[in-house]
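Enquirer: Return a 3D structure for these sequence lines:
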Amino acid sequence: MDNNLFNRKTHFNTITTTLLLIVVTIICSRCIKIQSEEIPITLSVSTNSLNFTADGDELTFYINSNDGWYVNNDYYASWLTVSPTDGFSDGNVTVTADANTSSVQRTATITVYSSVNGVPEQTISVTQARFIPNLSVSSTSLSFVAAGEQKSFTVTSNTNWTVSRGTSTWFTLSTASGSGNSTVTVTASANTSTSSRSGTVTVSGGGITRTISVAQSGTANTAQVRFVKSGAYSIYTYMGIADISITTIYASCYFGTGSGTSSYYDVPAGTLTPVVWNVNNSHWDNFVLTSDYTTVWTVNLTAKNRYTIQLYYDTAGYHMQISNDGTYSSMQYNIGSNIPEAMTQATEGRSRLNN
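Expert: Take a look at the predicted model:
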């Protein structure tokens, strides 16, 4: 082969190859440029604000991106946490706020950055409500009997609280402080006075004060009597005790024509007169003293003492006598057991029929 011809072909091929490479390079660079211009880096968030209650909570926002990103929490907002703090492409971010125990609202800022320079950052404003305390009690008043007893009330609250009784010493409290919801028991001691007494329970917390009025009745100015009918006779079917004029019957017991012993009855302390129901005349009869057969027989009953009034009959007629059975505590009312068998005769009367 002619060497000149071979050299010309080789030179042509080299030039052709070089031109092709140049063309390909230009096309590829133009494609890359076009691609870069058609798919820009994007970054956006689903919300620009998050609002939390004072109790704290978890809220979520969405990041829309076609590249990498990272989240920066406000440096001073230690009460906030975010997760995750970085990612690629689209994704959710969870923000957790601790409970706000302050009476002041608090704020913070969360910033989302792109991993590519020049892409605008996104900010989210975070607000958390201030703590608002609440405190309530289940009762505004408590009343106790003279004998003493326990009663309770409920405290409903979202904060710490204290409970006090002021200067009152006749009742006690089961606790002096608490937190949240709880029950407080109030114990009143026995009131041995005939006068009532009062006091106040104060529950305070979170700048709120609730008061409960406490009252206790005094020991009633009463005595107790029971009736004993000895023997079976039909003229007197009831025994009772009344005021001097027999306008008020304070206690009575029906025996019929038989005998028996009643339970104890509460009656006013002081001067009273025993009476019997006369079936022959259908009215109450009182008794007169045997010394003059004129003076109405009365009895002086001392408060918190028990008495037995007995009606009996002998050859001299109908008689009534009374005995003091001793004192009783404020817890004992209308109890018919433990009745003394022996009765001491204190005074005696003879029936006077009020015909």
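
Enquirer: Low-confidence stretches in the stretch 251-355 of the chain?
Expert: 329-355 (pLDDT under 70).

Enquirer: actually the chain, sorry about that
Expert: Residue ranges of the chain with pLDDT under 70: 1-19, 21-38, 329-355.

Enquirer: So it: which segments form each domain?
Expert: 43-128, 135-216, 222-351 (automatic domain parsing).

Enquirer: closest one to residue 20 among those domains?
Expert: Between residue 20 and the domains of the chain, the tightest spacing by CB to CB is seen for domain 43-128, at 34.7 Å. Heads up, the C-betas are built off the backbone N, CA and C, glycines and all.

Enquirer: Confirm residue 225 sits in a strand?
Expert: Yes: Residue 225: assigned to a strand according to DSSP: H, G, I helix; E, B strand; the rest coil.

Enquirer: sorry, back to before: include distance to residue 20 when you put the domains of the chain into TSV, please.
Expert: Below are those laid out as TSV (distance: least, CB to CB, whole Å):
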stretch	distance to residue 20
domain 43-128	35
domain 135-216	80
domain 222-351	119
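
Enquirer: okay, the ones you listed in a markdown table with mean neighbour count next?
Expert: Below are the domains of the chain laid out as a markdown table (neighbours: other CB atoms under 10 Å):
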| stretch | mean neighbour count |
| --- | --- |
| domain 43-128 | 15 |
| domain 135-216 | 16 |
| domain 222-351 | 16 |
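
Enquirer: quick one: contacts for the spatially most central residue of the chain?
Expert: Geometric centre of the chain, nearest residue: residue 154, 1.3 Å, by CA atoms, centre = their mean. By CB atoms under 8 Å, 6 or more residues apart in numbering, the contact set of residue 154 is 137, 138, 181, 182, 183, 184.

Enquirer: Just the ones in strands from those residues, please.
Expert: Residues from these lying in strands, with DSSP state E as the criterion: 137, 182, 183, 184.

Enquirer: contacting residues around the third one?
Expert: With CB under 8 Å, 6+ apart as the criterion, the residues that contact residue 183 are 152, 153, 154, 155.

Enquirer: how long is stretch 63-76 end to end?
Expert: Distance between the two ends of stretch 63-76: 23 Å, counting by CA to CA, to the nearest Å.

Enquirer: cool, stretch 150-169 as well?
Expert: For stretch 150-169, the end-to-end distance is 15 Å (CA to CA).

Enquirer: if we can go back for a sec, let's have the contacts of residue 154 in JSON lines, adding distance to residue 303.
Expert: Formatted as JSON lines, the contacts of residue 154 follow (distance: CB to CB, whole Å):
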{"residue": "137", "distance to residue 303": "36"}
{"residue": "138", "distance to residue 303": "36"}
{"residue": "181", "distance to residue 303": "44"}
{"residue": "182", "distance to residue 303": "41"}
{"residue": "183", "distance to residue 303": "37"}
{"residue": "184", "distance to residue 303": "34"}
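
Enquirer: Closest one of those to residue 86?
Expert: The nearest one, if we look at these relative to residue 86 and count by CB to CB, is residue 181, at 42.6 Å.

Enquirer: and the gap between the closest one and residue 214?
Expert: Here residue 181 is placed at a distance of 21 Å from residue 214 (CB to CB, to the nearest Å).

Enquirer: Next, give phi and psi for residue 149.
Expert: The phi and psi values for residue 149, taken as degrees, to the nearest 10, are phi -170, psi 180.

Enquirer: repeat for residue 74
Expert: Backbone torsions of residue 74, given as degrees, to the nearest 10, read phi -50, psi 130.

Enquirer: Repeat that for residue 159.
Expert: Here residue 159 shows phi and psi, under degrees, to the nearest 10, equal to phi -140, psi 180.

Enquirer: Return the residues in contact with it.
Expert: Contacts were defined as CB under 8 Å, 6+ apart; by that measure residue 159 touches 133, 134, 135, 179, 180, 205, 206.

Enquirer: coming back round to it: quickly list what the residue nearest to the centre of the chain is bridged to.
Expert: Here residue 154 shows beta-bridge partners residue 183, assigned using DSSP bridges.

Enquirer: hmm, back to that, which of the contacts of residue 159 sit farthest apart?
Expert: Using CB to CB, the pair of the contacts of residue 159 lying farthest apart is 134 and 179, separated by 13.0 Å.

Enquirer: list the residues that contact both of the two?
Expert: Taking CB under 8 Å, 6+ apart as the criterion, residue 134 and residue 179 both touch 157, 159.

Enquirer: is it true that residue 225 touches residue 261?
Expert: No: with contact taken as CB atoms under 8 Å, residue 225 and residue 261 are classed as non-touching, separated by 11.9 Å.

Enquirer: gap between the residue lying closest to residue 106 once chain neighbours are set aside and residue 222?
Expert: Closest residue in space to residue 106, ignoring its immediate chain neighbours: residue 128 at 5.2 Å, by CB to CB, 6 or more residues apart in numbering. Distance of residue 128 to residue 222, computed by CB to CB: 64 Å.

Enquirer: Same question for residue 83.
Expert: Counting by CB to CB, the gap from residue 83 to residue 222 is 74 Å.

Enquirer: What does the closest residue to residue 168 other than its chain neighbours show for phi and psi?
Expert: Nearest non-adjacent residue to residue 168, counting by CB to CB, 6+ apart: residue 199, 3.4 Å away. The phi and psi torsions at residue 199 (degrees, to the nearest 10) take the values phi -170, psi -180.
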